[in-house]
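Participant: Sequence first, predicted coordinates after that:
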Number of protein chains: 2
Amino acid sequence: MSITITAFERSPDGGMGLARDTRVRWALEEAGLPYEVRPVSFSAMKEPAHLAAHPFGQIPTYEEGDLVLFESGAIIFHIASHCAGLLPDNPGARARAIAWMFAALNSVEPPILDLSIAKITERDYPWAKDRLPVVVDRVRQRLGQLAARLGDAEWLDGAFSAGDLVMVSVLLRTKPSGILNEFPTLAAYVARGEARPAYKRAFAAQLAFNTAKPVAG
Amino acid sequence: MSITITAFERSPDGGMGLARDTRVRWALEEAGLPYEVRPVSFSAMKEPAHLAAHPFGQIPTYEEGDLVLFESGAIIFHIASHCAGLLPDNPGARARAIAWMFAALNSVEPPILDLSIAKITERDYPWAKDRLPVVVDRVRQRLGQLAARLGDAEWLDGAFSAGDLVMVSVLLRTKPSGILNEFPTLAAYVARGEARPAYKRAFAAQLAFNTAKPVAG
């Protein structure tokens, strides 16, 4: 069954790989599944055709035959449940890998997203400059807790899993600010993720997509 | 196998049911599974014994024999995957119900959590009052999109699922501020959730727990 995902026609990050299609591409590459990408413009994202697939008018969406999904976490979970290598077979280890997916999206990404809001969305408000250190401290606190848990381990719970895939993807968003490098073991963890051949293919694909010449007209 | 969850020794909301143990209690009640609750004080939450179960020093955690889980979304998913009634059997409907779980936690809860941060955590900062309307607007925008998707439907995708359980739990956090009532169809959706016998049992249990007389000593 052919798979089509949506991505920004042009990602706001210009191909740094921080848009959420990259994590889905990565999961598809780990699973060895071919896929097509349909670009969506910022205006088309808020139109009924796209809102039917994604109620919040965002990317990525995922189409596989009749199945249409939104939310990168749910798409990655769907891919991981239908292929080998992204979720352990042992029931306990599998439940813990899924817990790390939820932890990445519900406990680690929110303060990181808040940092993007502070730096970009609320940049021009009078409080932006004074508030930034407060937001940065919350990111630092969460990353400190995560580093304490990871310790010297290679991955969060045994072998590489979809939990690591999502966590590395979320942590990558703290790299441009320099915060990630304040936590050397987390920076090394993220680098291990980036070194995976599947991640490299996903990154290269989104970069080529975002830097391709615009189609005339 | 006996199940034990952790909860605040005394919830900061005094038993309004907004702490995250309530959503796990609700899932356990829907599944008809008996459970024990172990209270954790604010100081004990940051100690090694609890951090071993929950790396971010929060509640709830979930223990079932050798399995220890954290993250309410992951715990609810674990419960839902092992009992009838919380996830559809049809693979497509099941994937979509799981997508709503992720959507509730990664797309709807973050702006709502940001509102709590603005109103409580950052209350004493000089920007708190000026920033509040900006944060409220983001919550309104997300709730408007959700209301547009829900339309006149009873639940988000066919029958009641774990996706609705998590979404209703997340939306309940917008009730005290009055924002939920700005969206009558969402308020009715939340009321349908609260009317479920399993929710009522979960709410009553957390209320009794949070209003019980402290044990002397």
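Facilitator: Perfect, I can see it now. Numbering: from 1, shown residues only, chains lettered A, B, ... in the order given.
Participant: where's A:Glu109, which helix or strand?
Facilitator: Taking DSSP states H and E as the definition, A:Glu109 sits inside helix A:109-116.
Participant: For that helix, buried residues please.
Facilitator: Of all the residues in helix A:109-116, those buried under the rule 16 or more other C-beta atoms under 10 Å in any protein chain shown are A:109-115. Placement of C-beta: from N, CA and C, glycine included.
Participant: Domains in chain A, by residue range?
Facilitator: What automatic domain parsing lists as the domains of chain A is A:3-85+A:198-211, A:91-196.
Participant: any chance of the ones you listed in TSV, with mean pLDDT and distance to B:Pro184 too?
Facilitator: Converted to TSV, those look like this (pLDDT from 0 to 100; distance: least, C-beta to C-beta, whole Å):
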stretch	mean pLDDT	distance to B:Pro184
domain A:3-85+A:198-211	96	18
domain A:91-196	97	28
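Participant: Quick one: work out the angle between the longest helix anywhere in chain A and helix A:109-116.
Facilitator: Secondary structure assigned by DSSP state H gives helix A:128-150 as the longest helix of chain A. Orientation check (axes from the mean of the first three to the mean of the last three C-alpha atoms, to 10 degrees): helix A:128-150 against helix A:109-116 gives 150 degrees.
Participant: Walk me through which strands the helix or strand encompassing A:Val68 pairs with, and which way each runs.
Facilitator: Per DSSP H and E, A:Val68 falls inside strand A:67-70. Using DSSP bridges, the strands paired with strand A:67-70 are strand A:61-64 (antiparallel).
Participant: can you give me the helices for chain A?
Facilitator: Under DSSP H, chain A gives helices at A:21-31, A:42-45, A:48-53, A:72-81, A:91-103, A:109-116, A:128-150, A:162-171, A:184-194, A:197-211.
Participant: tell me what the last one is packed against?
Facilitator: Helices and strands in packing contact with helix A:197-211 are listed as strand A:3-8, helix A:21-31, strand A:36-40, helix A:184-194; criterion 3 or more C-beta pairs under 8 Å, 6 or more residues apart in numbering or on different chains; DSSP states H and E.
Participant: Need the residues that contact that helix.
Facilitator: A:7-8, A:10-11, A:14-15, A:17, A:19, A:21-22, A:25-26, A:28-30, A:37, A:39, A:168, A:193-194 (C-beta atoms under 8 Å, 6 or more residues apart in numbering or on different chains).
Participant: Give me the angle between that helix and strand A:3-8.
Facilitator: Using the same axes, to 10 degrees: helix A:197-211 against strand A:3-8 is 50 degrees.
Participant: again with the first one
Facilitator: Between the axis of helix A:21-31 and that of strand A:3-8 there is an angle of 150 degrees, by the same axes, to 10 degrees.
Participant: Can you get me the centre-to-centre distance for helix A:21-31 and its chain?
Facilitator: 9 Å (C-alpha atoms, centre = their mean, to the nearest Å).
Participant: can it be found next to chain B?
Facilitator: No: using C-beta under 8 Å from any C-beta of the partner chain, helix A:21-31 never reaches chain B; the gap is at least 11.8 Å.
Participant: May I have that helix exported as PDB, CA atoms only?
Facilitator: Only the C-alpha atoms of helix A:21-31 are listed here, as PDB (Å, rounded to 0.1, in the frame of the first residue of the first chain):
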ATOM      1  CA  ASP A  21       7.900  15.600   8.800                       C
ATOM      2  CA  THR A  22      11.500  14.800   9.500                       C
ATOM      3  CA  ARG A  23      10.700  12.500  12.400                       C
ATOM      4  CA  VAL A  24       8.100  10.700  10.300                       C
ATOM      5  CA  ARG A  25      10.500  10.400   7.400                       C
ATOM      6  CA  TRP A  26      13.100   8.900   9.900                       C
ATOM      7  CA  ALA A  27      10.600   6.300  11.100                       C
ATOM      8  CA  LEU A  28       9.700   5.400   7.600                       C
ATOM      9  CA  GLU A  29      13.400   5.000   6.700                       C
ATOM     10  CA  GLU A  30      14.100   2.900   9.800                       C
ATOM     11  CA  ALA A  31      11.100   0.700   8.700                       C
END
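Participant: What helices and strands are in contact with that helix?
Facilitator: strand A:3-8, helix A:72-81, helix A:162-171, helix A:197-211.
Participant: again, but for the longest one
Facilitator: The elements that helix A:128-150 packs onto, with contact taken as 3+ C-beta pairs under 8 Å, 6+ apart, are helix A:109-116, helix A:184-194, helix B:48-51.
Participant: buried residues in the last one?
Facilitator: Taking 16+ other C-beta under 10 Å as the neighbour-count basis, helix B:48-51 is seen to contain the buried residues B:50-51.
Participant: Tell me which residues are up against that helix.
Facilitator: Helix B:48-51 is contacted by residues A:145, A:148-149, B:6, B:40, B:44, B:57, B:61 when judged by C-beta under 8 Å, 6+ apart.
Participant: List buried residues within those.
Facilitator: For these, a neighbour count by 16+ other C-beta under 10 Å gives the buried set as A:145, A:149, B:6, B:40, B:57, B:61.
Participant: which of the residues you listed lies closest to A:Thr185?
Facilitator: Set against A:Thr185, the nearest of the buried ones among the contacts of helix B:48-51 by C-beta to C-beta is A:Arg149 (10.3 Å).
Participant: Quick check, the residue in chain A closest to chain B?
Facilitator: Across chain A, no residue is closer to chain B than A:Trp127, which sits at 3.2 Å (C-beta to the nearest C-beta).
Participant: And that residue, how far from B:Trp127?
Facilitator: A:Trp127 is 3 Å from B:Trp127, where distance means C-beta to C-beta, to the nearest Å.
Participant: next one: A:Ser11
Facilitator: Remark: distance between A:Ser11 and B:Trp127 (C-beta to C-beta) = 30 Å.
Participant: next one: A:Lys200
Facilitator: 42 Å.
Participant: check whether the helix holding A:Glu109 contacts chain B.
Facilitator: Yes: counting by C-beta under 8 Å from any C-beta, chain B is contacted by helix A:109-116 at A:109-110, A:113-114.
Participant: Now do the contacts for the closest residue to A:Ser107 other than its chain neighbours.
Facilitator: Excluding the flanking residues, the one nearest A:Ser107 by C-beta to C-beta, 6 or more residues apart in numbering or on different chains is B:Phe56, at 5.4 Å. Residues near B:Phe56 by C-beta under 8 Å, 6+ apart: A:103, A:107, A:142, A:145, B:70.
Participant: and A:Trp127, how far is that from A:Leu156?
Facilitator: Taking C-beta to C-beta as the measure, A:Trp127 falls 35 Å from A:Leu156.
Participant: Number of residues surrounding A:Pro126?
Facilitator: Counted with other C-beta atoms under 10 Å in any protein chain shown, the neighbours of A:Pro126 add up to 12.
Participant: nope, A:Glu63 is what I was after
Facilitator: Quick note: A:Glu63 (other C-beta under 10 Å) scores 18 neighbours.
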